[in-house]
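Undergrad: what shape does this take:
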Amino acid sequence: MKINFKNKKVLISGGSKGIGFSIAKAFVNADANVSIISSNQKNLDRAKETINKKNFHVFKYNLIEFNKLSTCVELVNKKMKGIDILVCNLGSGKPNSKIGNENYLNFIDSYKLNFISTVELINQTKKFLFNSVNPSILCIGSIAGFSSIGAPNDYSSSKAALINYVKNQSKILSKKNIRINMISPGNIFFRGGTWDKKYRLNPRKTKKYIKDNVPLNRFGNPDEIANGALFLSSDYANFVTGANFVIDGGQSV
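TA: Sure thing, here's the model as predicted:
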């Protein structure tokens, strides 16, 4: 199956590294016009250097500064002359405190980053998606949102909220012919990521964790999430909305 996104305009948040960057690269290689948003200029510069193509654009914005979201999305829309596909990837599971001792401030920070940033980005982008043919939204979650895997409580609950949001929004957005779906990855390994850092600190413990918890006995990689993202955003998935696609090597089975 060859998926082509020629003439499609794609906006990806958190697209300068890891899963988001792999998704951006996959869309660019499928001939889409792609814009990514990140607050890290160094990562944006690296991404731009790596994907040195005319159909790839970078924007520096901090998406948890919600008062700037409208301006950001307007600029992206002006640059690409439309938005057809939105991928909400911004998030982090890095603990704000010792797991189990999270306080209300930890929950507020986590919800802003992992949940509200997505809700607000969708709210600001909808008016442009309304003008698209077969528009779609994809949210990147985590198996922590529905399975107890030892992740921080604030992170897990924010991803659980995102799953519920996607399901409810699918019925609302369907009235405007917009599909919205979710991918919940398991343990994804990439350079500079959480698992890369854990492996460097204790490779033996990390290998044992994967062996004991993941039936396929390996990490996933960002390109495997990107493959799922392309399918769910394509015309091949026109009858799919409100779904949560789990890509975790069988860990949550």
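Undergrad: can you give me the strands for the stretch 51-200 of the chain?
TA: The residue ranges that make up the strands of the stretch 51-200 of the chain, judged by DSSP state E, counting those that start in this stretch, are 56-60, 85-88, 136-140, 179-185.
Undergrad: strand partners of the shortest one, parallel vs antiparallel please.
TA: So the one you mean is strand 85-88. Neighbouring strands of strand 85-88 in its sheet, by DSSP bridges, are strand 9-13 (parallel), strand 136-140 (parallel).
Undergrad: what lies in contact with the first one?
TA: The contact list for strand 9-13, computed with Cβ atoms under 8 Å, 6 or more residues apart in numbering, reads 20, 23-24, 27, 32-38, 63, 73, 76, 80-90, 117-118, 121, 125, 233. In this view, the C-beta of every residue, glycine as well, is placed from N, C-alpha and C.
Undergrad: any of those residues buried? List them.
TA: 20, 23-24, 27, 32-38, 63, 73, 76, 80, 82-90, 117-118, 121, 125, 233 (16 or more other Cβ atoms under 10 Å).
Undergrad: contacts only, for the residue nearest to Val214 when sequence neighbours are not counted.
TA: Nearest non-adjacent residue to Val214, counting by Cβ to Cβ, 6 or more residues apart in numbering: Gly249, 4.4 Å away. Shown in contact with Gly249 (Cβ under 8 Å, 6+ apart): Gly186, Asn187, Val214, Pro215, Leu216, Asn217, Arg218, Phe219, Gly220.
Undergrad: residues touching the first one, list them.
TA: With contacts defined as Cβ under 8 Å, 6+ apart, Gly186 is in contact with Ile143, Val214, Gly220, Val246, Ile247, Asp248, Gly249, Gln251, Ser252.
Undergrad: where does the residue nearest to Val214 fall, secondary structure wise?
TA: Element membership for Gly249 (DSSP states H and E) is empty, with no helix or strand holding it.
Undergrad: let me see the backbone angles for the closest residue to Gly193 other than its chain neighbours.
TA: In this structure, Gly193 finds its nearest non-sequential neighbour in Gly18, 5.5 Å apart by Cβ to Cβ, 6+ apart. Dihedral angles of Gly18 (phi, psi; degrees, to the nearest 10) stand at phi 60, psi -140.
Undergrad: where do the helices sit along the stretch 151-253 of the chain?
TA: 153-174, 194-201, 203-213, 222-233 (DSSP state H, counting those that start in this stretch).
Undergrad: looking at the ones you listed, which is closest to Thr50?
TA: Using Cβ to Cβ as the measure, helix 222-233 is the one of those that comes nearest Thr50, at 13.2 Å.
Undergrad: what comes into contact with that closest one?
TA: 3, 5, 10, 18-19, 21-23, 25-27, 30, 85, 87, 136, 138, 140, 181, 183, 185, 188, 190, 237, 240, 243, 245, 247.
Undergrad: from the contacts of strand 9-13, which ones fall inside helices?
TA: Mapping these onto helices (DSSP state H) picks out Gly20, Ile23, Ala24, Phe27, Val73, Val76, Met80, Ser117, Thr118, Leu121, Thr125, Ser233.
Undergrad: tell me how far Asn96 lies from Asp154.
TA: According to Cβ to Cβ, to the nearest Å, Asn96 and Asp154 sit 6 Å apart.
Undergrad: compare the two (neighbour count), which wins?
TA: Using other Cβ atoms under 10 Å as the criterion, Asn96 and Asp154 rank with Asp154 on top: 25 against 19.
Undergrad: for the more buried one, which non-adjacent residue is spatially closest?
TA: Using Cβ to Cβ, 6+ apart and skipping the chain neighbours, the partner closest in space to Asp154 is Ser110 (3.7 Å).
Undergrad: can you tell me how far the one you found is from Val166?
TA: Distance, Ser110 to Val166, using Cβ to Cβ: 18 Å.
Undergrad: and if you look at Pro215?
TA: Note on Pro215: its distance to Val166, by Cβ to Cβ, is 26 Å.
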